[in-house]
Structures are given as structure tokens and as C-alpha cells.
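K.L.:
Kindly generate the corresponding structure for this input.
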Amino acid sequence: MTALTTSTKQGLGPRLNALSRVVELGPGRLDEKLLTDSGALLLRAGDRLKLSSEHTVVALAGGTGSGKSTLFNAVSGLELSPTGVRRPTTARTHACVWGLEGAAPLLDWLQVQWRHRFARASALDKGEGRLHGLILLDLPDHDSIRALTDTEADRLIGLADLVVWVLDPQKYADASTHRRYVTDLAGHDAVTVFALNQADKLSAEELAELVIDLNDLLKREGVSQPTVVPTSAVTGRGIDSLKSVIADAVSRRRAAIQRLEADLDRLTRRLSAASPLGEAPSAVDAARRVGLTDALCDAVGVPALGEAMENIYAERSSRWVGWPYPRWIGKLRPDPLKSLRLDNLEIGSGQVSAQPAEVGNAVQALADGLSGGMTDVWRTGLHHAARSRASQLPKALTEELTEVAPELDRVPGWWRALKVWQYVLVAAFGVGLLWLAAGLLLPGQLPASLRLLGDTAVLPWVGIMMASVLGLGALSAIAARNFVVLGASRERERLEREMRRRVGAVAESMVVEPVERELARHHEFTTAMRGLAG
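P.N.:
I've put the predicted structure just below:
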């Protein structure tokens, strides 16, 4: 197992996996530039980790006149990169490789042309075994006129495992270099070296002062532990020191990992600034589900419908199971049904009408309760998810509950049977009245076959029978009324349970499920961001 693979499993791999999840979950929640940069880092990391872990790519970067190519030749010990007297510039990247085996795919990925590749071991062997595995690049000058249209230098600065910035004494504090590159190197201390070149042009005191000034400048720009190496390709001063720094990075085989980790750290800071971690539940808890169902039931008018059903059921039952005589008298009074105010219900048709404003308030309350700890962008996303089907919700509730809305004018069979029984008693009472009338008004005048009706001795028994009929009818009405009230109460409970179940099912599919998908997305994003931070 290579050192690169081992290091990846120790921390970089999980962080890259976390970044991949952030990229997957980020659209609509993160800036497009951040997502693009994150995707580019994932692609670059994947490519680099698949290539040779035995080679370390070190790029010499600098501006025109910094002596970069001369320093490249001095480190390699060969005249490989062109230099000149009049403002020499490097037009194309040159590469010197210590150890060719396995380097070709990496050089192809770097897009170094074949004619600009050189093998150090096949040219002069000066015992540079400590540099085995080094791919040294001499980049085009980043501040040349050509660099305005050719971004090869910038591209390779972004791909190199370790960057050596070659600075000359006159332009070591050049604003363009520091603004475009150095300020982005915060956290890249381990994979960045600053070579203060052309040291032969300075006195010892001047050089010491410049080194101190450069260190202070770099620290102010966020490079906490800058590595500054004074060099001179003319006198050879500092060349061995620079080689030692490079050789140390090559021998540890960790520069590629450190570069990716540093880039990942910088990207993590940008992501954290753009989307601070917020706290929110990962699912809708039972209490909030019940609260949403309660609010939607109120919006639909489930309690009102249950109460109306119970009242109407009881009132209408009196027309069927009430003792006829009081009922007939009751017809002279106003219809009590007209006094019922059922603003949200169309009772006559058995339909339910949901109030859109109240439905919207119920959904809003759920989203507000869940998103309190979220950042603005995620809070907006959760509210959008909660309202994603809000326009369809009132209609769905109306249609769903209309199916179970009771037919309030239905008449149970036992009501009809009881009514027949009561009219039999009414008829018996009427027969008794006729009997009394005949016995009192026509005594002795009736034919022999009806003589019993005129027998005054029987009349007391007829009166007792009539009183019994009235009592039996009243008791039947009272008992029936009690059964009706009890049945209405049970029917109301059953109806409200069924309607609540249906309201809960609609709320689950049209509100809770979209909200929970967004909550799960937020939870995964937050977990990925924490994993990204390591």
C-alpha cells in the first residue's frame, strides 16, 4: 500500500466524500461559483489520487526577470530551460523528472508536452537519489503578456503538489503576485516555498532585511509559517538549501495529500462562511404532526361538523321517535335547525369546505416551528417545501372528507319501526277515546253487537288502558331519545376519528413528506459539512 493511499484513508478520503455530498445537496442552497469550485476540486483530487503516489510535482512559479528558469537549471543540474539576457520569458512548461517509471500518466495529466520532458537520471547522475520521484516544473511567467491569454501557469499552479515562488529582490512585494496568488495561500504553508532569488545582487545586511520584510509581509497575508530560502543561481548560494526543502517533501511522499488538504481547508472556510451550520430536527416529530392535523381539522371544520351532525341527528330523530302528540304540538314552534350557524359546512349536501387561509396558516406554523434554527437559505427552502402543494391542499381535504361526511337526513330503520309502533299506540288511544265517547254519550242506544261499548262498568278499564297507552308511548319516546343521543354521540366520535385520520393522511402526503425530505436534505448537508471540516 502506498503512502498516498494510506494518507487518504486517514482523513482526506472521508472529507472528499463529505464534499461530494455537499455538492450533491448544495444546488439551490449554495452559490453556483462555490459549487463549481467544489466540483473542480473533487475532480482534481480524484485524478491526482489515481496517478503516481511515488512522484511529487514541484512547480517553480514566478514573474519575468525573477531568474526562475536559471534556478530551474541550477536545481536540475542541466541546461534544460531557455534563459536569455533581455527579459527572458518561459513560453512553455518544462519538466525534469527524477525517476521516469510511472511518471508519464502524471505528466500527461499535467499536459506537459513530450519535447519539454527531461529525465534527470538519464542525463547526468550526481548522486541525487534523495530527489528520486521529483517532477520539477518550470512554469511560464505568470505576468507576461502571453499570460493574459494563456492560463497554463495558473492551471499548473493549481495542480502542483508543491509550489516554489521565485521572487526577485526588486519585485518580491509585487502587488499583482500577492493579490492574485499569495493571499490564497493561507493554510498552504506546508506546500509553499518562497525562493528569494538573485541574492548575489544584495549585501548580507540587505538580504537579511529583505528576508525579514518578506516574512512579515507573508504573515500579514495569512501565511503563518512561511518558508523563505535566499538563493542565487549565479553563485550557487541557497541551491542546496532549496534542494533539501524539495527533497524533504519528495521523500515524505505527502505533498500531494497536503496540497489537497490545504485546498480542501480553504474551500471549507468558504463553504462555512456561505452556509453556516444551523440546527433543525431531521424529521417531523409526533407532536408537530398532531398539531398540524388539529389545525387542518379546525380549518376544515371537523369539530363543527361533528357537533352539527350530533345536534341535527338528535333534532331530526324527534320527528321519528318522539311521541307524536308533543311532536305535533312542536310543529307550531320555529325549526331549531335554522338557528344552527355552520359557516364552514354545506350540511344539506353532505360536503365539507376547507378554508384556504386557515390551511395556509396551519402549514406556515409547521414550517416556522421546524425552521427556527436554520440559516435563511435553508429556512426559505423548508417553507417552500411545506407550501409546495399548498394550493392543492384545500381541494384535497374537501374531496377526501366529503366522502365520509354523513348524510344528515338519513333515517335508521329502527326509527321507522318505532314510528309504526307509536302510531299503533296512537290508534289504540284513539279507539279508547271513541269507546269512552260511546259509553258516555250513547248508553243503551247501541245495537246488541256493540253493547259492550256502552257498558259504563267497562269505562274505568278503558280509561286505565288509555292512560297505559299514553304512558307506554311516552316511555317509548324517552327511551328512544336516550338511545338516539347515545348513538349520536358515538357516531360523532366515530366520524371525527375517521375525518382526523383522513386529514392526517392528506397532511402526511402533501405537507409532512415534502417537509421531511427537506429536513433530511438539511440533516445530510449539515452532517457532510461537519465531516468536511474533519
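K.L.:
got the residue ranges for the strands in the stretch 51-200 of the chain?
P.N.:
56-62, 94-97, 117-119, 134-138, 162-167, 192-196 (DSSP state E, counting those that start in this stretch).
K.L.:
weakest of these in terms of mean pLDDT?
P.N.:
Sorting these by mean pLDDT places strand 117-119 lowest, at a mean of 88.
K.L.:
What strand or helix carries Lys395?
P.N.:
helix 393-402 (DSSP states H and E).
K.L.:
What is the next helix or strand after that helix packed up against?
P.N.:
Next helix or strand after helix 393-402 toward the C-terminus (DSSP H and E): helix 413-441. Packing partners of helix 413-441 (3 or more Cβ pairs under 8 Å, 6 or more residues apart in numbering; DSSP states H and E): helix 302-321, helix 324-330, helix 459-507. C-beta coordinates here come from the backbone N, C-alpha and C atoms, glycine included.
K.L.:
Nearest to Thr192 among these would be which one?
P.N.:
Among the helices and strands packed on helix 413-441, helix 459-507 comes nearest to Thr192, with 56.6 Å by Cβ to Cβ.
K.L.:
Direction-wise, compare the closest one with helix 393-402 and give the angle.
P.N.:
Relative orientation of helix 459-507 versus helix 393-402 (axes from the mean of the first three to the mean of the last three Cα atoms, to 10 degrees): 150 degrees.
K.L.:
What's the mean pLDDT across helix 459-507?
P.N.:
80.
K.L.:
hang on, Glu279 is in a strand, isn't it?
P.N.:
No: assessed with DSSP: H, G, I helix; E, B strand; the rest coil, Glu279 is coil; it does not lie in a strand.
K.L.:
List the contacts of the nearest residue to it once chain neighbours are set aside.
P.N.:
In this structure, Glu279 finds its nearest non-sequential neighbour in Gly373, 3.6 Å apart by Cβ to Cβ, 6 or more residues apart in numbering. Residues in contact with Gly373 (Cβ atoms under 8 Å, 6 or more residues apart in numbering) are Gly278, Glu279, Ala280.
K.L.:
Same list (those residues) but as a markdown table, adding pLDDT and neighbour count.
P.N.:
Formatted as a markdown table, the contacts of Gly373 follow (pLDDT from 0 to 100; neighbours: other Cβ atoms under 10 Å):
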| residue | pLDDT | neighbour count |
| --- | --- | --- |
| Gly278 | 81 | 17 |
| Glu279 | 84 | 10 |
| Ala280 | 87 | 18 |
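K.L.:
Now render the residues you listed as JSON lines, adding distance to Ile464.
P.N.:
Shown next, in JSON lines, are the contacts of Gly373 (distance: Cβ to Cβ, whole Å):
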{"residue": "Gly278", "distance to Ile464": "85"}
{"residue": "Glu279", "distance to Ile464": "82"}
{"residue": "Ala280", "distance to Ile464": "80"}
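K.L.:
At which residues are the helices of the stretch 251-400 of the chain located?
P.N.:
Remark: helices assigned in the stretch 251-400 of the chain by DSSP state H, counting those that start in this stretch are 255-274, 286-300, 302-321, 324-330, 356-370, 376-386, 393-402.
K.L.:
now those helices in a markdown table, with mean pLDDT and mean neighbour count?
P.N.:
Formatted as a markdown table, the helices of the stretch 251-400 of the chain follow (pLDDT from 0 to 100; neighbours: other Cβ under 10 Å):
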| stretch | mean pLDDT | mean neighbour count |
| --- | --- | --- |
| helix 255-274 | 92 | 19 |
| helix 286-300 | 91 | 19 |
| helix 302-321 | 70 | 19 |
| helix 324-330 | 68 | 13 |
| helix 356-370 | 91 | 18 |
| helix 376-386 | 93 | 18 |
| helix 393-402 | 85 | 18 |
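K.L.:
So Thr235: helix, strand or coil?
P.N.:
coil.
K.L.:
and the helices of the stretch 251-400 of the chain as JSON lines, adding distance to Gly77?
P.N.:
Output for the helices of the stretch 251-400 of the chain, formatted as JSON lines (distance: least, Cβ to Cβ, whole Å):
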{"stretch": "helix 255-274", "distance to Gly77": "21"}
{"stretch": "helix 286-300", "distance to Gly77": "72"}
{"stretch": "helix 302-321", "distance to Gly77": "89"}
{"stretch": "helix 324-330", "distance to Gly77": "119"}
{"stretch": "helix 356-370", "distance to Gly77": "67"}
{"stretch": "helix 376-386", "distance to Gly77": "55"}
{"stretch": "helix 393-402", "distance to Gly77": "77"}
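K.L.:
So which of those is nearest Ser241?
P.N.:
Of all the helices of the stretch 251-400 of the chain, helix 255-274 comes closest under Cβ to Cβ, at 17.6 Å.
K.L.:
export the closest one as PDB, just CAs?
P.N.:
Taking Å, rounded to 0.1, in the frame of the first residue of the first chain, the C-alpha atoms of helix 255-274 are listed here in PDB:
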ATOM      1  CA  ALA A 255       3.000  16.800  -0.600                       C
ATOM      2  CA  ALA A 256       0.100  15.700  -2.900                       C
ATOM      3  CA  ILE A 257      -2.100  14.900   0.100                       C
ATOM      4  CA  GLN A 258      -1.000  18.100   1.900                       C
ATOM      5  CA  ARG A 259      -1.900  20.200  -1.100                       C
ATOM      6  CA  LEU A 260      -5.300  18.700  -1.500                       C
ATOM      7  CA  GLU A 261      -5.900  19.000   2.300                       C
ATOM      8  CA  ALA A 262      -4.900  22.700   2.200                       C
ATOM      9  CA  ASP A 263      -7.100  23.300  -0.800                       C
ATOM     10  CA  LEU A 264      -9.900  21.500   0.900                       C
ATOM     11  CA  ASP A 265      -9.400  23.600   4.100                       C
ATOM     12  CA  ARG A 266      -9.600  26.800   2.100                       C
ATOM     13  CA  LEU A 267     -12.800  25.600   0.300                       C
ATOM     14  CA  THR A 268     -14.300  24.500   3.600                       C
ATOM     15  CA  ARG A 269     -13.800  28.000   5.000                       C
ATOM     16  CA  ARG A 270     -15.600  29.500   2.100                       C
ATOM     17  CA  LEU A 271     -18.400  27.000   2.400                       C
ATOM     18  CA  SER A 272     -18.800  27.600   6.100                       C
ATOM     19  CA  ALA A 273     -18.900  31.300   5.600                       C
ATOM     20  CA  ALA A 274     -21.500  31.000   2.800                       C
END
